[in-house]
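**Q** Predicted model follows, preceded by the sequence.
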Amino acid sequence: MKFAITSKGDHKSDMIKAIIEQYLSDFDLEVDLDQPDLVISVGGDGTFLHAVHHYFHRLKNTAFIGVHTGHLGFYADWLPEEIEKLVIEIAKKEYKIVEYPLLEMKIYRKNEAKPERYLALNEATIKKVEGSVVLDVIIKGEHFERFRGDGLCVSTPSGSTAYNKALGGAIIHPSLSTMQITEMSSINNRVYRTIGSPLILPSHHVCQFKPVDQSQSFLITIDHVTKSVDHISTIEYSVAEERIRFARFRPFPFWKRVHDSFISDQR
Ligand code: NAD
């Protein structure tokens with residue numbers, strides 16, 4: 001089995017990365033930064049998101065695991081004190097794979113035939129630096145509403161505990177192949193009207209956002225990445241065909257993870 005380790009880059013994470021690498025090499029496991037079977041991210045959820053984006057091109061063949069060096073992460077859930085145990089598990093045991101859904105986003109720009117395609121583990125958002133976001137929301141080919149406000153967030157089930165949660169979205173179990181749309185401060189009065197509630201769409205529904213003024217520039221975020229994009233004609237969202245694969249060496253049920261992240265961590 002070939003492995004790669006990514007680090008947040010601070011002293012503690014780099015040290016733990018070096019120890020894990022040494023231990024795994026002692027078990028004759030090989031480092032392969034290009035084609036790893038297992039990626040171990042050391043840092044926090046941000047480090048984990050970076051690692052997943054780096055290896056998005058080989059999701060079918062790579063499994064991920066996260067060690068946290070700060071507070072308990074949602075994806076980075078192994079403690080630094082547990083790394084010896086983790087290394088032995090990696091070296092000696094067949095690990096279980098747990099798969100979670102991802103979000104696919106396609107940006108169609110004016111005068112460009114092919115869309116730009118992105119995958120998100122947590123969410124994709126659309127915002128503006130100045131002024132309100134004004135766009136038509138189309139669900140399954142039918143006009144649903146004209147949105148005016150700070151922006152919209154489309155999240156995956158595992159991302160439902162991240163930005164989506166702060167926007168009042170529901171927490172969704174990742175065994176459900178869905179995407180959730182949440183509003184950021186929509187304008188609602190006698191002139192403008194949006195649904196005002198989060199929407200949860202099944203995997204066979206496609207949703208599109210069409211900016212009313214296509215000459216405007218928008219801020220698009222995809223997990224930790226922010227891009228400024230102009231001349232957008234349509235952005236299309238759906239549940240991706242690809243899924244992320246987590247290497248599971250012990251049970252850590254989703255609702256326990258939610259409890260430990262947001263209520264209290266008793267480990
Ligand atoms: P960051 O370092 O500011 O991380 C933000 C926080 O989000 C961290 O505490 C991290 O542990 C947590 N987080 C990330 N994914 C999570 C998940 N799936 N469930 C629960 N908590 C999660 O920013 P970053 O490292 O660049 O990470 C980008 C992520 O930050 C985005 O994907 C977005 O979800 C999140 N974010 C949240 C808010 C908010 O809650 N208001 C605002 C912007 C971005």
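**A** Noted; the coordinates are in hand.

**Q** From now on I want contacts and neighbour counts done on CA atoms only, so please keep to that.
**A** Noted.

**Q** what's the domain layout of this protein?
**A** Here the domain parsing of the chain from automatic domain parsing is 2-95+249-266, 102-241.

**Q** Tell me the secondary structure at Gly168.
**A** Of the three states, Gly168 takes coil according to DSSP: H, G, I helix; E, B strand; the rest coil.

**Q** For the closest residue in space to Pro202 that isn't next to it in sequence, give its distance to Lys127.
**A** Distance criterion CA to CA, 6 or more residues apart in numbering; nearest residue to Pro202, sequence neighbours excluded, is Thr178 at 4.7 Å. Distance of Thr178 to Lys127, computed by CA to CA, to the nearest Å: 22 Å.

**Q** do the same with Ser233
**A** From Ser233 to Lys127 the distance is 15 Å (CA to CA).

**Q** who's more crowded, the two?
**A** Per other CA atoms under 10 Å, whichever of Ser233 and Lys127 has more neighbours is Lys127, with 21 against 18.

**Q** Let me see the contact set for Asp150.
**A** Residues counted as contacts of Asp150 (CA atoms under 8 Å, 6 or more residues apart in numbering) are 127-128, 131-133, 183-186.

**Q** Try it again at 7 Å.
**A** 127, 132-133, 184-186 (CA atoms under 7 Å, 6 or more residues apart in numbering).

**Q** now the residues you listed: which count as buried?
**A** Buried members of the contacts of Asp150, counted by 16 or more other CA atoms under 10 Å: 127, 132-133, 184, 186.

**Q** For stretch 82-95, list the C-alpha coordinates in PDB.
**A** Written as PDB, here are the backbone C-alpha positions of stretch 82-95 (Å, rounded to 0.1, in the frame of the first residue of the first chain):
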ATOM      1  CA  GLU A  82      -3.500   7.900  18.700                       C
ATOM      2  CA  ILE A  83      -1.000   7.900  15.900                       C
ATOM      3  CA  GLU A  84       0.900   4.700  17.000                       C
ATOM      4  CA  LYS A  85      -2.400   2.900  17.100                       C
ATOM      5  CA  LEU A  86      -3.400   4.400  13.700                       C
ATOM      6  CA  VAL A  87      -0.100   3.300  12.100                       C
ATOM      7  CA  ILE A  88      -0.500  -0.300  13.400                       C
ATOM      8  CA  GLU A  89      -4.100  -0.300  12.000                       C
ATOM      9  CA  ILE A  90      -2.900   1.000   8.600                       C
ATOM     10  CA  ALA A  91       0.000  -1.500   8.400                       C
ATOM     11  CA  LYS A  92      -1.700  -4.600   9.700                       C
ATOM     12  CA  LYS A  93      -5.400  -4.300   8.800                       C
ATOM     13  CA  GLU A  94      -7.600  -4.100   5.800                       C
ATOM     14  CA  TYR A  95      -9.500  -0.900   6.300                       C
END
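
**Q** In this structure Ser132 contacts Gly149, no?
**A** Yes: here Ser132 reaches Gly149: they are 5.0 Å apart, a contact under CA atoms under 7 Å.

**Q** Low-confidence regions, the stretch 151-267 of the chain specifically.
**A** 266-267 (pLDDT under 70).

**Q** redo that, cut-off 50
**A** Counting by pLDDT under 50, not a single residue of the stretch 151-267 of the chain qualifies.
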